[in-house]
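Next one to model:
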Amino acid sequence: MPAYAIAHLQDAAPHEDIAEYMERIPGTFEPYGGRFLVHVTPHEVKEGSWPGSVVMIGFPGIAEARAWWDSPAYQEIAPLRARHIKGDIIMVEGVAEGYDARVTAKAVREALGAE
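Alright, predicted model coming up:
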């Protein structure tokens with residue numbers, strides 16, 4: 001199943017370290033099959049608030065995403081970002097092809113009936 005590293009970044013101001021981080025990060029995730037899916041592109045807020053920007057990197061699976069995050073190459077450059085940009089970063093597995101939310105809803109209804 002595919003997996004994603006998703007960053008919600010806030011208070012990003014231009015800085016030489018950020019430029020270096022952006023130049024170097026593709027070389028850290030490409031060996032793990034990663035690629036940018038979203039990279040600081042404009043977004044529309046439909047509910048709530050979402051200040052800042054979004055970055056999403058797709059991977060073939062969660063093992064590759066974790067290996068990238070833990071890699072010496074990424075850990076070497078991570079401080080370039082962390083020193084200058086606040087944010088939240090998560091990793092999440094995608095759903096299998098053919099996933100149907102109605103099946104999950106049925107299981108929720110069955111669990112509610114069992115209570």
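
Model confidence for Glu93, exactly?
Listed pLDDT for Glu93 reads 97.

swap in Glu115?
With respect to pLDDT, Glu115 scores 64.

Over to Val40?
Looking at Val40, its pLDDT stands at 81.

Also the one 4 residues further on?
The predicted structure scores Glu44 at 94 on the pLDDT scale.

The one 3 residues further on too?
What the model reports as pLDDT for Glu47 is 96.

That one - that's part of a helix, no?
No. Under DSSP: H, G, I helix; E, B strand; the rest coil, Glu47 sits outside any helix and is assigned coil.

Which phi and psi values does it adopt?
Main-chain torsions, Glu47, degrees, to the nearest 10: phi -150, psi 150.

Val55 versus that one, what's the distance?
Noted for Glu47: a distance of 21 Å to Val55, by CB to CB, to the nearest Å. C-beta coordinates here come from the backbone N, C-alpha and C atoms, glycine included.

Contacts for the one helix or strand Asp17 maps to, please.
Here Asp17 sits within helix 16-29, counting by DSSP states H and E. Residues outside helix 16-29 that contact it (CB atoms under 8 Å, 6 or more residues apart in numbering): 12, 35-36, 57, 59, 68, 71, 73-74, 77, 80-81, 83-85.

Now with 6 Å, please.
Helix 16-29 is contacted by residues Ile57, Trp68, Ala73, Tyr74, Ile77, Leu80, Arg81, His84 when judged by CB atoms under 6 Å, 6 or more residues apart in numbering.

Alpha carbons of the next helix or strand after it, as CSV, please.
Heading C-terminal from helix 16-29, the first helix or strand you meet, by DSSP H and E, is strand 35-39. Taking C-alpha atoms only, strand 35-39 is exported to CSV below (Å, rounded to 0.1, in the frame of the first residue of the first chain):
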residue,chain,number,x,y,z
ARG,A,35,8.3,11.7,-4.9
PHE,A,36,6.7,15.1,-4.3
LEU,A,37,2.9,14.9,-4.7
VAL,A,38,2.4,18.4,-3.2
HIS,A,39,5.0,21.0,-2.6
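
Direction included, what does strand 35-39 pair against?
Paired neighbours of strand 35-39 in the sheet (DSSP bridges): strand 53-59 (antiparallel).
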